[in-house]
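[1] Predicted model, plus sequence, below.
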Amino acid sequence: MTKVGLFFGTQTGNTETIAETIQKTFGGDSVVTLHNAADAEATDLEGYEYLIVGCPTWNIGEMQSDWEGLYDELDNIDFSGKKVAYFGPGDQVGYADNFQDAMGLLEEKISELGGTTVGYWSTEGYDFSESKAVKNGKFVGLALDEENQSELTDERISTWVAQLKREFGV
């Protein structure tokens with residue numbers, strides 16, 4: 001089976017826990033290899049046809065610091081032919097004007113570099129004002145809110161992973 005590379009940045013540990021849950025739901029480390037953005041080089045992304053990128057929105061619409069460090073280096077990567085899915089935790093109540101912005105910033109950059117976005121997610125069931133992660137009425141990836149909707153996280157991950165398996169063709 002083709003390996004999926006899951007790259008995540010984490011500030012408080014939430015994104016890492018979500019990444020581990022996604023890995024387990026996919027079938028474990030024989031299917032999905034986890035990479036902490038703090039320890040990764042942008043060139044590590046080149047080794048995968050299928051990528052999952054996880055980044056929380058931090059402060060007011062900013063990327064988590066480890067992704068900020070990799071962001072400019074992404075310009076040196078050719079994402080052509082790669083299918084890329086995104087996820088991120090955020091707080092739709094406390095930060096309704098920039099909910100999931102970091103996910104949107106990364107998706108925009110990687111798409112411009114040739115990556116094909118998969119794993120779009122409905123905005124239904126969320127209450128926010130604005131997001132850079134919404135395109136054509138959907139989130140560009142799995143939006144999670146551990147602050148206000150943690151009881152929905154496991155079901156959302158399960159549904160999203162099933163969708164990704166189809167879209168990745170794995």
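    That came through fine. Numbering: from 1, shown residues only.

[2] Surely Phe128 is within a strand?
    No. Read with DSSP: H, G, I helix; E, B strand; the rest coil, Phe128 is coil and lies in no strand.

[3] mind listing the helices for the chain?
    Secondary structure of the chain (DSSP state H): helices at 14-26, 65-71, 101-112, 153-168.

[4] quick one: average pLDDT of the longest strand that the chain contains?
    Counting residues, the longest strand found in the chain (DSSP state E) is strand 83-89. Strand 83-89 shows an average pLDDT of 97 in the prediction.

[5] if we can go back for a sec, how about the helices of the chain, which one is nearest Ile52?
    helix 14-26 (6.6 Å; Cβ to Cβ). Any C-beta I mention is one placed from the backbone N, CA and C, and that applies to glycine too.

[6] Can you mark which positions in that closest one are buried?
    Within helix 14-26, the residues scored as buried using 16 or more other Cβ atoms under 10 Å are 14-16, 18-19, 22-23, 25-26.

[7] now stretch 127-145
    Within stretch 127-145, the residues scored as buried using 16+ other Cβ under 10 Å are 128, 131-134, 139-145.

[8] what do you get for stretch 153-169?
    Those buried within stretch 153-169 under the rule 16+ other Cβ under 10 Å are 153, 156-157, 160-161, 163-164, 167-168.

[9] picking that back up, out of the buried residues of stretch 127-145, which sit inside strands?
    Short answer: these in strands (DSSP E) are 134, 139, 142-144.

[10] I'd like to know which elements the longest strand of the chain is packed against.
    For strand 83-89, the packing partners by 3 or more Cβ pairs under 8 Å, 6 or more residues apart in numbering; DSSP states H and E come out as helix 14-26, strand 50-54, helix 101-112, strand 116-117, strand 142-144, helix 153-168.

[11] now for these, which one comes closest to Thr123?
    The closest approach between Thr123 and any of the helices and strands packed on strand 83-89, judged by Cβ to Cβ, belongs to strand 142-144 at 7.8 Å.

[12] Parallel or antiparallel, list what pairs with the closest one.
    Using DSSP bridges, the strands paired with strand 142-144 are strand 83-89 (parallel).

[13] chain center to the partner strand: distance?
    2 Å (Cα atoms, centre = their mean, to the nearest Å).

[14] Please work out the angle formed by the directions of that strand and helix 14-26.
    Orientation check (axes from the mean of the first three to the mean of the last three Cα atoms, to 10 degrees): strand 83-89 against helix 14-26 gives 130 degrees.
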